[in-house]
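Peer 1: Got a predicted structure plus its sequence, pasted below:
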Amino acid sequence: MENEVLRGLRLLVGWTEGDGIFCPGGSTSNMYAMNLARYRLFPEVKSQGLWSLPRLAIFTSPESHYSVKKGAAFMGIGTDNVILVEVDDGGRMSPEDLDEKIKLAKSQGAVPFFVSCTSGTTVQGAFDPLHRIADVCEKHKLWMHVDAAWGGSVLFSKQHRHLMKGVDRANSVAWNPHKMLVAGLQCSVLLLKDTTNLLKECHSANATYLFQQDKFYDVNMDIGDKSVQCSRKVDCLKLWLMWKAIGSNGLEERVDKAFIHVRYLVEQMKKREWFHLLRDPEFVNVSFWFIPPSLRGKEGNADYWEKLAKVAPVIKERMMKQGTMMVGYQPLGNKVNFFRVVVFSPLVTKKDTDFFLDEIERLGNDL
């Protein structure tokens with residue numbers, strides 16, 4: 001069952017062959033990819049450990065998931081060796097700066113080995129330009145990983161899959177169906193282009209009390225040695241059942257419906273003077289400030305942004321204490337606290353969206 005689900009997902013990426021495994025979350029998928037990239041370049045690390053390695057370098061954007069740095073720390077590569085690549089205003093990685101940063105790292109004695117792109121960043125929902133990044137990775141012979149934990153489900157949509165154009169050129173893809181497809185937690189996969197059994201070679205311990213090679217059935221069905229875990233949940237069942245129930249068309253409709261809801265939300269937001277979008281969304285993440293009465297018309301004041309930064313936390317506190325909504329906020333770079341609403345549940349209606357806007361206004365109109 002796991003192999004069949006993985007095969008179906010790989011086909012959506014554009015791979016007719018490959019490998020993969022269900023992982024306990026996208027963070028683990030990203031760490032697995034990092035480990036595989038290191039093992040491919042330095043297979044001796046499995047037996048000899050870190051002392052045999054040069055200083056390695058990882059490249060990602062400042063808007064990538066924090067698990068890239070966590071993975072570097074966990075694997076002994078070090079967070080100082082995670083090199084952040086510049087992004088544009090929409091949060092998309094710059095292939096030109098990536099190329100320059102790789103050349104600089106080489107000149108400083110480091111060994112670049114891994115580029116982690118993002119398809120659907122956590123805050124802005126940005127999609128890195130995969131084709132152009134793939135050109136850079138091929139030029140420098142680096143492993144290209146795509147963290148599509150959030151955005152990967154656009155591959156089900158004929159209308160929106162263009163956001164991940166070039167993903168088939170990657171070496172690995174992390175994808176969480178428990179996010180946009182609303183599969184039950186947890187449901188996360190790591191997909192690989194590799195056909196050399198790298199995943200098993202890297203992670204296997206060949207325990208003879210579990211993985212006997214003279215069993216009466218095809219031992220390729222024993223995929224447990226591809227995992228760092230021993231005990232594993234049957235996470236593939238969640239996606240398999242859902243896929244069987246509503247089909248690829250049903251999953252595509254789920255993705256497309258999320259984009260329709262976001263378009264409606266943005267249209268309504270633009271009709272209300274005191275909702276200020278950071279930018280028009282590329283995905284289903286909508287980031288905005290609500291300007292309360294006390295700050296309206298005072299954009300030129302020296303303390304405007306300092307005061308605006310305090311608005312979202314107060315409204316958030318009120319909505320939670322009153323039990324009406326739960327919507328997150330955060331700063332980003334030099335941008336002060338703003339709300340980020342993510343619309344993807346198939347149960348959301350226009351009435352819910354209108355209530356959301358009305359409630360933000362109600363909770364903040366005395367500020």
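Peer 2: Done, it's in.

Peer 1: Please tell me how far the residue nearest the centre of the chain sits from Thr196.
Peer 2: Taking CA atoms, centre = their mean as the criterion, Ala149 is the residue nearest the geometric centre of the chain, at 3.7 Å. The span separating Ala149 from Thr196 equals 25 Å under the rule CB to CB, to the nearest Å. To be clear about C-beta, it is placed using only N, CA and C from the backbone, and glycine gets the same treatment.

Peer 1: quick one: the helices in the stretch 51-200 of the chain?
Peer 2: In the stretch 51-200 of the chain, the segments counted as helices under DSSP state H, counting those that start in this stretch are 67-74, 95-107, 130-140, 198-203.

Peer 1: Tabulate these (a markdown table), appending mean pLDDT and distance to Leu347.
Peer 2: Formatted as a markdown table, the helices of the stretch 51-200 of the chain follow (pLDDT from 0 to 100; distance: least, CB to CB, whole Å):
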| stretch | mean pLDDT | distance to Leu347 |
| --- | --- | --- |
| helix 67-74 | 97 | 29 |
| helix 95-107 | 98 | 39 |
| helix 130-140 | 98 | 31 |
| helix 198-203 | 95 | 36 |
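
Peer 1: To Asn176, which of the ones you listed lies closest?
Peer 2: helix 67-74 (11.6 Å; CB to CB).

Peer 1: Which elements pack onto the closest one?
Peer 2: Where contact means 3 or more CB pairs under 8 Å, 6 or more residues apart in numbering; DSSP states H and E, helix 67-74 is packed against helix 26-41, strand 56-60, strand 82-84.

Peer 1: so which of the ones you listed comes closest to Gly364?
Peer 2: For Gly364, the closest of the helices and strands packed on helix 67-74 is helix 26-41, at 33.2 Å, according to CB to CB.

Peer 1: quick one on the thing from earlier: what distance do you get for the spatially closest residue to the residue nearest to the centre of the chain that is not a sequence neighbour to Thr118?
Peer 2: The shortest distance from Ala149 to any non-neighbouring residue, by CB to CB, 6 or more residues apart in numbering, is to Gly26 (3.3 Å). Distance, Gly26 to Thr118, using CB to CB: 11 Å.

Peer 1: Also Ser61?
Peer 2: Taking CB to CB, one finds Ser61 at 6 Å from Thr118.

Peer 1: Same drill for those two, tell me which one is more crowded.
Peer 2: Neighbour count, other CB atoms under 10 Å: between Ser61 and Thr118, Thr118 has more, with 30 against 24.

Peer 1: who's the more buried one bridged to?
Peer 2: Asp147 (DSSP bridges).

Peer 1: pLDDT below threshold where in the stretch 101-250 of the chain?
Peer 2: 219 (pLDDT under 70).

Peer 1: Which stretches in it count as strands?
Peer 2: 111-118, 143-148, 172-175, 188-192 (DSSP state E, counting those that start in this stretch).

Peer 1: Repeat that for the stretch 251-367 of the chain.
Peer 2: 275-277, 285-290, 328-332, 335-342.

Peer 1: out of these, deepest packed?
Peer 2: strand 285-290 (a mean of 22; mean count of other CB atoms under 10 Å).

Peer 1: partner strands of that one, parallel or antiparallel?
Peer 2: Strand pairing (DSSP bridges) places strand 285-290 next to strand 275-277 (antiparallel), strand 335-342 (antiparallel).

Peer 1: want to throw those strands into JSON lines with distance to Tyr217?
Peer 2: Output for these, formatted as JSON lines (distance: least, CB to CB, whole Å):
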{"stretch": "strand 275-277", "distance to Tyr217": "57"}
{"stretch": "strand 335-342", "distance to Tyr217": "44"}
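
Peer 1: Those: which one's closest to Ser107?
Peer 2: Nearest of these (CB to CB): strand 335-342, 33.3 Å.

Peer 1: if we can go back for a sec, for Gly323, which of the helices of the stretch 51-200 of the chain is the nearest?
Peer 2: Of all the helices of the stretch 51-200 of the chain, the one in closest proximity to Gly323, counting by CB to CB, is helix 67-74 (31.6 Å).

Peer 1: Buried residues in that closest one, which are they?
Peer 2: 67-69, 71-72 (16 or more other CB atoms under 10 Å).

Peer 1: cool, stretch 54-69 as well?
Peer 2: Neighbour-count burial for stretch 54-69 [16+ other CB under 10 Å]: 56-61, 63-65, 67-69.

Peer 1: now for these, which pair is the farthest apart?
Peer 2: Leu56 and Glu63 (22.2 Å).
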